[in-house]
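**Q** What would the 3D arrangement of this be:
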Amino acid sequence: MDYDGLARSCWEAACAAGWCIVFAGLHLYWALGGSVGLASSAGHDLAVRRPTTFVLIGLYGPALVLLSSVAVLGFASTARRSIRLRRAATTLIGVVGIGLLLRGVVLEVLLGWNVGGLAKQVGPLETHWSLILWNPWFTLGGALFVATAIRLRREGTYARPSP
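**A** The predicted structure is shown next:
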């Protein structure tokens, strides 16, 4: 098996990494004071007040985690790593993907069906943008991560690399 070819041809990993970069970039933009899209994502009150904890935990945290996941994607598709580390990285990619999928699909259902009056509690602007942009965005990211994990598993991630 050509491991270098695998690393070059894993379009799923490249798309997932691109998704991470865009998502992290948006969060860093918000953390540094940008406002476009923030009210529709986090709510008008938080977008205006921006408490320090919201900025530090709610914005920098996801950005750093997503940037770290880009490193995990690169690591998992690199050929010359130990089998255990590749398995762990591939499993982590799959778990992150499932988490993103669940976040996107569950919130889409809860808001779309207005379970427990959630759409009214969230507000019309946030509900609208969550249904047409934010939740599908999480679902796309989750699908890319899961596809990457499946591809890495199928394409010989667990085979021993040649010396």
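**Q** Residue 136 contacts residue 103, correct?
**A** No. With contact defined as C-beta atoms under 8 Å, residue 136 does not count as touching residue 103 (11.4 Å). Placement of C-beta: from N, CA and C, glycine included.
**Q** quick one, phi psi at the residue nearest to residue 138 when sequence neighbours are not counted?
**A** The spatially closest residue to residue 138, leaving aside those adjacent along the chain, is residue 104, at 3.4 Å (C-beta to C-beta, 6 or more residues apart in numbering). Dihedral pair for residue 104: phi -70, psi -50, per degrees, to the nearest 10.
**Q** my guess is residue 104 meets residue 135, correct?
**A** Yes. At 4.7 Å, residue 104 counts as touching residue 135 under the criterion of C-beta under 8 Å.
**Q** Next one: residue 131 from residue 115, what distance?
**A** Relative to residue 115, residue 131 is positioned 13 Å away (C-beta to C-beta, to the nearest Å).
**Q** which of these two has more neighbours?
**A** residue 131 (15 against 11; other C-beta atoms under 10 Å).
**Q** Now that one: phi and psi?
**A** According to degrees, to the nearest 10, residue 131 has phi -70, psi -40.
**Q** Let me see the confidence value for the one residue sitting closest to the centre of the chain.
**A** In the chain, the centroid-proximal residue (C-alpha atoms, centre = their mean) is residue 141; its distance is 4.9 Å. Note on residue 141: pLDDT of 95.
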